[in-house]
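J.: Sequence first, then the predicted structure:
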Amino acid sequence: MLAFVVRRLIGMVAVLFAVSLLVFIVFIEIPGGDPAERMAGKNPTPENIQNIREKWGFDKPFYVQYVRMMEKAGTGLLPGTHGEYDILRSFDTRQDVVAEIKKGIPATFSLRIGAGIIWLVFGILVGVISAVKAGRWSDRAITILALIGISMPVFWLGIVLRYFFAETRTWFPDGGYVPLSQDPVQWMYHLILPWFCLAVLFIGFYGRVLRSNMLDTMNEDYVRTARSKGLPPGRVLGRHVLRNSLIPIVSLFGLDFAAVLGGGAILTETVFDLKGVGWYAAQSVGGLDLPPIMGVTIYATFFIVLFSVFVDLIYAYLDPRIRPT
Amino acid sequence: MAEPATDLTLDSASLLAAEEHEIAIVGRSPWYLAWRRLRRNWVALASLGVFILIVVACALAPVYAKHLAHTGPNTVHAGETVLVSGKPREVVGGGSHYDPKTNTFIVAAPVYLGPTWWHAHGRFVLGTDNLGRDVAVRLLYGGRNSLKVGIGSALICTLVAVLLALIAGYNGGWIDWVVTRFFDLIWAFPVFLLAIALSTALAINGFHHFGISIEPGSLWIPTLVISYVLIPYIGRPLRGQILSLREKEFIESAIGAGAGPLRVMFSDVLPNIASTVLVFFTLIIATNILTEAGLSFLGAGVRLPDPSWGNMIASGQDQIQTAPWLALIPGIAIVLTVLSLNLFGDGLRDALDPRAKVRIER
């Protein structure tokens, strides 16, 4: 087991290195041209451009720039004040990217955790009901509803929810974020719509995955054994079928919880003006401002890689069949 | 039959047996059997019908624009009037204007012409947007762009993924290692964020490497970006399937009979994964249309003023209080399209191989 953990951790470092290199290539090599010329604004003097080029290090070779960028991102994480060119800064606003990401973390995590709980609970509920009632009309109705949920663009659902429940009727606040430390009630009140908006897609998806898992598990020999030894149906369902069907859901949840920051959360935060990490990335798209997007991409990828290691370990713990020897 | 089948005398039994022998046992191809199963699934067929209808409607956008709406997708009609049920109506009314009598500016919210349905003889059927453009025309042209990107990227993505999976799964060894690491690397990224990052980077100067030249505003950018980020979602499961096929006897016998690697890959392995590929292809179009909508919503997909369903929702969001149809209608179009594809893909999967676990995980 220890060797497994060590191997996974080494793999994680390798993936992170490859990811950072790819991100660097995407942002520095693909656009081509000279970032200094774009940053100097309209009618720049040649000295001005040269100055920016030297200060930001755009004149250095590829690998030096890569190491510099990683250094800058790392320095930004350290506490204390830093020099103008020691940290990753936005091309557009010259703000400290790492500090801006840190500022967005509370809102992003509030959104993710709440939505995650909602989609897990409702997803399991939907899955269990449709598996137990498989083939009946309630199963079909749930399946169609789940498919509609999967087929809706999350940002459109957000706009619709906001329009009907926060603008035409003022049942909920019209976007914005209130920190938990400031006012827990308002925090929740502001987040209810975004939570449900983000969760809808996953509820449908998890419900469908769990349904098919449960239907498969119900045909297993050990379930027949449990039934034939006279256990009550509820107990068979809870202890034998559901427990085993939930294992893949656990791994799916871990990965989705990490990945949602780079997916639905960006759109949900944008629609509801939640000033989180995803919102920050989305704001930078319009100005073609690469460093914030680069920072958020690395941050989000770090989560995915970290969580996939967690998920592997939890999976191995839950299911002895795949535990490495 | 001479006698009712329930009357099981010796005679009728032998009659039945005789009749059974008369029915020629016809070899049916798996595709025919799948079609027979699909034929009974009316939800799936209806969904396919809806999708085809949407594609045809969007394909006919220029005809509609020219002969019924008498306008183009980017033609501005603000300041004009149109006859709705015989009465003249301003396309974009209200707004602030100067009143010479009182020598003041009167500030009022602009009023956009709402859906006229058919009361203006095909003009502004779904109303107008803030610049006085015909929403119905833009919806159809936007659908063209969304479908072009969605279907185009699905084609490219599936093609590349199948080729990579075939090469990796068939050859094994270091080739498999390289391809799998490539899949893992893209897999490690959050799909949507990577797509945003690539689109933004490409929006600056376009792409001018390896002899390929793409301009910044081109539809190829979202198409290629989306197909690139979703390659492992098809490639990984296919590779797994090919790896297990590789161990089957018929592959061994094909190699034994002297078939070369290309022949084995394309005439022995490929037909066996074709049904999976087909289901994936249907489902990935749905995923890609949603991804394109999200990208365009953030301004990283199809660029304004060219319409796409995603960027129409984005611009409609600002006018949702005064003109809710601007954001609602393109969204309904997306839901209908994606839902019909998902329902059809589901039915197709059930018909081709009910036990297959083919689904696009995100």
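T.: Received, thanks. Numbering: from 1, shown residues only, chains lettered A, B, ... in the order given.
J.: Next one: the residue in the stretch 151-300 of chain B that chain A sits nearest to from residue A:301, what distance?
T.: Residue nearest to chain A within the stretch 151-300 of chain B (CB to the nearest CB): residue B:190, separated by 2.0 Å. Bear in mind the C-beta positions are built from the backbone N, C-alpha and C, glycine included. Note on residue B:190: its distance to residue A:301, by CB to CB, to the nearest Å, is 7 Å.
J.: Identify the residues contacting the residue of the stretch 151-300 of chain B closest to chain A.
T.: By CB atoms under 8 Å, 6 or more residues apart in numbering or on different chains, the contact list for residue B:190 reads A:259, A:261-263, A:297, A:300-301, A:304.
J.: Mind telling me what element the nearest residue to residue A:318 once chain neighbours are set aside is part of?
T.: Closest residue to residue A:318 apart from its sequence neighbours, by CB to CB, 6 or more residues apart in numbering or on different chains: residue A:247 at 5.3 Å. Secondary structure assignment for residue A:247, by DSSP states H and E: helix A:243-259.
J.: Toward the C-terminus from that helix, list the very next helix or strand.
T.: By DSSP H and E, the next helix or strand past helix A:243-259 is helix A:264-271.
J.: Quick check: buried residues in the following helix or strand past that next one?
T.: Moving toward the C-terminus from helix A:264-271, the next helix or strand (DSSP H and E) is helix A:277-286. Neighbour counts over helix A:277-286 (16 or more other CB atoms under 10 Å in any protein chain shown) mark A:277-285 as buried.
J.: Between all of those, which two are separated the most?
T.: A:277 and A:285 (13.9 Å; CB to CB).
J.: before we move on, what SS does residue B:74 have?
T.: Under DSSP: H, G, I helix; E, B strand; the rest coil, residue B:74 falls in the coil class.
J.: Contacts only, for it.
T.: So residue B:74 contacts B:133, B:305-306 (CB under 8 Å, 6+ apart).
J.: what do you get for residue A:264?
T.: Residue A:264 neighbours (CB under 8 Å, 6+ apart): A:154, A:198, A:201, B:192.
J.: Make JSON lines out of these and add neighbour count, secondary structure and distance to residue A:231.
T.: Listed next are these as JSON lines, based on neighbours: other CB atoms under 10 Å in any protein chain shown; DSSP: H, G, I helix; E, B strand; the rest coil; distance: CB to CB, whole Å:
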{"residue": "A:154", "neighbour count": "27", "secondary structure": "helix", "distance to residue A:231": "41"}
{"residue": "A:198", "neighbour count": "29", "secondary structure": "helix", "distance to residue A:231": "38"}
{"residue": "A:201", "neighbour count": "25", "secondary structure": "helix", "distance to residue A:231": "36"}
{"residue": "B:192", "neighbour count": "29", "secondary structure": "helix", "distance to residue A:231": "45"}
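J.: Can you tell me which of those is nearest residue B:117?
T.: residue A:154 (29.9 Å).
J.: I'd like to know how far that closest one sits from residue A:286.
T.: Remark: distance between residue A:154 and residue A:286 (CB to CB) = 20 Å.
J.: Repeat that for residue A:303.
T.: 25 Å.
J.: Same check on residue B:26?
T.: Here the criterion is CB to CB. By it, residue B:26 lies 62 Å from residue A:286.
J.: one step back: from the contacts of residue A:264, which is closest to residue A:105?
T.: Nearest to residue A:105 out of these is residue A:198 (CB to CB; 16.6 Å).
J.: Which residue is the nearest non-sequential neighbour of the closest one?
T.: Nearest residue to residue A:198 in three dimensions, chain neighbours excluded: residue A:115, at 4.1 Å (CB to CB, 6+ apart).
J.: and that neighbour, how many neighbours?
T.: Residue A:115 is flanked by 26 other residues according to other CB atoms under 10 Å in any protein chain shown.
J.: which residues does it contact?
T.: Residue A:115 makes contacts with A:194-196, A:198-199, A:202, A:260, A:268, as judged by CB under 8 Å, 6+ apart.
J.: Can you add distance to residue A:137 and give those back as a markdown table?
T.: Shown next, in a markdown table, are these (distance: CB to CB, whole Å):
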| residue | distance to residue A:137 |
| --- | --- |
| A:194 | 32 |
| A:195 | 29 |
| A:196 | 25 |
| A:198 | 29 |
| A:199 | 25 |
| A:202 | 24 |
| A:260 | 32 |
| A:268 | 32 |
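J.: Tell me the one among the residues you listed nearest to residue B:41.
T.: residue A:202 (26.4 Å).
J.: residues touching that closest one, list them.
T.: Counting by CB under 8 Å, 6+ apart, residue A:202 has contacts A:115, A:119, A:123, A:256.
J.: Just those residues: which are in strands?
T.: Counting by DSSP state E, no part of those is found in strands.
J.: quick one: which two of these are the most distant?
T.: Greatest spatial distance among the contacts of residue A:202 (CB to CB): A:115 and A:123, at 11.4 Å.
J.: Export the buried residues of helix A:277-286 to CSV and append columns for pLDDT.
T.: Listed next are the buried residues of helix A:277-286 as CSV, based on pLDDT from 0 to 100:
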residue, pLDDT
A:277, 88
A:278, 86
A:279, 87
A:280, 87
A:281, 85
A:282, 85
A:283, 84
A:284, 82
A:285, 81
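J.: so which strand or helix has residue B:111?
T.: With DSSP H and E as criterion, residue B:111 is part of strand B:110-112.
J.: Give the other helices and strands that that strand contacts.
T.: strand B:92-94 (3 or more CB pairs under 8 Å, 6 or more residues apart in numbering or on different chains; DSSP states H and E).
J.: If anything else comes up later, I'll come back, but that's it for now.
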